[in-house]
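Trainee: The sequence and its predicted three-dimensional model are supplied below.
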Amino acid sequence: MIEYDPRRDAIPLSAKMEPRVGIANSTAPARASAPLQNIAIRYIVMCNMARKPANGPASDPELLILSSLASGPNHGYGMMNDIETFAEVTLGAGTLYTAITRLVEKKLIAPVSSSGRQRPYRLTALGAASLAEQLKNMRRVATVGLARLRPA
């Protein structure tokens, strides 16, 4: 167990901050005896790394949003409810709106003008083609996987 000694491990305010090659190219003082810095940097990197969806690719937020919008334009809260109904996956607001932003940037979905407070989105032609391709690939992999699981 690493013990923290504030007199030994404290970083002086006058310490020169230089980029250091190593874990995540951190910006930390060039000191060899700073084990807590490495732990903190590893923790930050691990916490912010992208995670795989728990239920496989079928629970990918972007795929779920595209699938939800395939039935017609919808706003964020409506998409969250629809996704929870058909996929049994609960997306948090942060996950949902971050994925919506990425999909808009990729031009897979587009905002629809609305007079109300809610902002609906629609699937674009590019988004529909992308969704169809992803679902075809998933069907192909699922068919092979299920066939291989069947007893001979």
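Mentor: Thanks, I have it.
Trainee: got any ranges where this protein has weak pLDDT?
Mentor: 1-55, 152 (pLDDT under 70).
Trainee: can you give me the strands for it?
Mentor: All strands of the chain, identified by DSSP state E, fall at 17-19, 27-29, 109-111, 121-123.
Trainee: Residues in contact with the third one: which ones?
Mentor: Strand 109-111 is contacted from outside by 65-66, 69, 100, 103-104, 119-124, 127, using CB atoms under 8 Å, 6 or more residues apart in numbering. Heads up, the C-betas are built off the backbone N, CA and C, glycines and all.
Trainee: Dump those residues to TSV, plus neighbour count and distance to V112.
Mentor: Shown next, in TSV, are those (neighbours: other CB atoms under 10 Å; distance: CB to CB, whole Å):
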residue	neighbour count	distance to V112
I65	29	14
L66	23	15
L69	26	10
I100	21	13
L103	22	14
V104	15	12
R119	12	8
P120	17	4
Y121	23	7
R122	13	5
L123	24	11
T124	18	11
G127	23	13
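Trainee: Quick check: of those residues, which lies closest to E84?
Mentor: I65 (12.5 Å; CB to CB).
Trainee: ok, that closest one - contacts?
Mentor: So I65 contacts M79, I83, L96, A99, I100, L103, I109 (CB under 8 Å, 6+ apart).
Trainee: who wins for most neighbours among those residues?
Mentor: Highest neighbour count within the contacts of I65: I109, with 24 neighbours (other CB atoms under 10 Å).
Trainee: where's that residue relative to L146, distance?
Mentor: According to CB to CB, to the nearest Å, I109 and L146 sit 31 Å apart.
Trainee: What residues does the closest residue in space to S67 that isn't next to it in sequence make contact with?
Mentor: Using CB to CB, 6 or more residues apart in numbering and skipping residues adjacent in sequence, the residue nearest S67 is L131, 6.6 Å away. By CB under 8 Å, 6+ apart, the contact list for L131 reads L63, L66, S67, A70, L108, L123.
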